[in-house]
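**Student:** let's see this in three dimensions:
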Amino acid sequence: MCATWEADDGSGTGLLIFSDACLTGWGAVLNGSVARGQWTSRDASRHINELELIAALHALESFADEAVKISIRIMMDNGPSSRPDRATSYPPSERRPTSNRLAVIRSKYEARGLPDGVIKYLLATDRASTSATYQSAWNAWINWCDKRNQDSLSPSLNEILDFLCNLADQGKAYRSLNFYQSMLSATIEGFRCR
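**Tutor:** Here you go, the predicted structure:
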């Protein structure tokens with residue numbers, strides 16, 4: 001899959017870059033190429049929302065540093081984990097799902113109380129090619145849920161089955177449906193389709 005999109009101004013296609021940040025570092029993906037880095041001790045003390053913006057900047061520097069006259073769309077986790085004015089989570093009705101699949105998995109592990117070192121190890125077990133392909137499938141899921149105003153992080157079994165049937169109606173092969181099911185199973189808390 002080529003990470004491009006049709007520019008809104010009709011000028012052609014542009015680059016589609018995915019970026020994300022956590023408290024230990026940042027990462028970005030473009031066409032299966034991965035860039036990542038750790039925060040400096042100064043950056044590590046910044047608010048997560050600020051880190052998300054710095055991660056986007058690093059993504060641009062990594063993949064589009066010399067680009068001229070090209071449109072670029074950056075997909076980033078723009079849903080903060082807590083409100084700036086108090087340390088409570090957004091209620092589900094206000095929660096905006098992240099477009100970054102690994103950020104969803106990281107949040108799932110953090111909610112379980114796993115240590116940062118364990119989370120880092122578990123996230124590193126995905127090969128870059130598998131992670132990029134799962135990210136593409138996750139984007140399809142997020143877009144499908146957005147169009148139906150459904151919560152992509154807590155779907156019902158009926159919603160998942162409807163999504164998979166929709167893919168089959170589009171002519172996706174059985175192995176592709178299996179792939180989407182595997183991605184959902186690996187990403188969404190409590191989902192197992194067996």
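
**Student:** quickly list the domain ranges of the protein.
**Tutor:** The record assigns the chain these domain ranges, following automatic domain parsing: 1-76, 85-194.

**Student:** I'd like these as CSV, with mean pLDDT appended.
**Tutor:** Formatted as CSV, those follow (pLDDT from 0 to 100):
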stretch, mean pLDDT
domain 1-76, 76
domain 85-194, 77
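
**Student:** may I see the ones you listed organised as TSV, with mean neighbour count added?
**Tutor:** Quick note: C-beta positions are derived from backbone N, CA and C, even for glycine. Converted to TSV, the domains of the chain look like this (neighbours: other CB atoms under 10 Å):
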stretch	mean neighbour count
domain 1-76	16
domain 85-194	14
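
**Student:** could you point out the longest strand in the chain?
**Tutor:** strand 13-21 (DSSP state E).

**Student:** give me the contact list for the longest helix anywhere in the chain.
**Tutor:** Counting residues, the longest helix found in the chain (DSSP state H) is helix 128-147. Residues outside helix 128-147 that contact it (CB atoms under 8 Å, 6 or more residues apart in numbering): 1, 18, 29, 31-32, 34, 75, 97, 99-102, 104, 126, 151-152, 155, 159, 163, 166-167, 179-180, 183-184, 186-187.

**Student:** now do the contacts for residue 124.
**Tutor:** Counting by CB under 8 Å, 6+ apart, residue 124 has no contacts.

**Student:** and if you look at residue 59?
**Tutor:** So, once contact is read as CB under 8 Å, 6+ apart, residue 59 ends up touching 17-19, 26, 28, 30, 35, 74.

**Student:** now residue 22
**Tutor:** 48, 51, 103, 106 are the contacts of residue 22 under CB under 8 Å, 6+ apart.

**Student:** any chance you could map the helices in this structure?
**Tutor:** So, for the chain - with DSSP H - the helices run 41-44, 48-63, 101-111, 116-124, 128-147, 157-169, 174-187.

**Student:** wait, isn't residue 39 in contact with residue 25?
**Tutor:** Yes - with contact defined as CB atoms under 8 Å, residue 39 counts as touching residue 25 (5.7 Å).

**Student:** name the nearest residue to residue 64, ignoring sequence neighbours.
**Tutor:** Leaving aside its sequence neighbours, residue 64 sits nearest to residue 72 (CB to CB, 6 or more residues apart in numbering; 5.7 Å).

**Student:** show me the contacts for that neighbour.
**Tutor:** Here residue 72 is in contact with 14-15, 17, 60, 64 (CB under 8 Å, 6+ apart).

**Student:** between which two of those residues is the distance greatest?
**Tutor:** 14 and 60 (12.4 Å; CB to CB).
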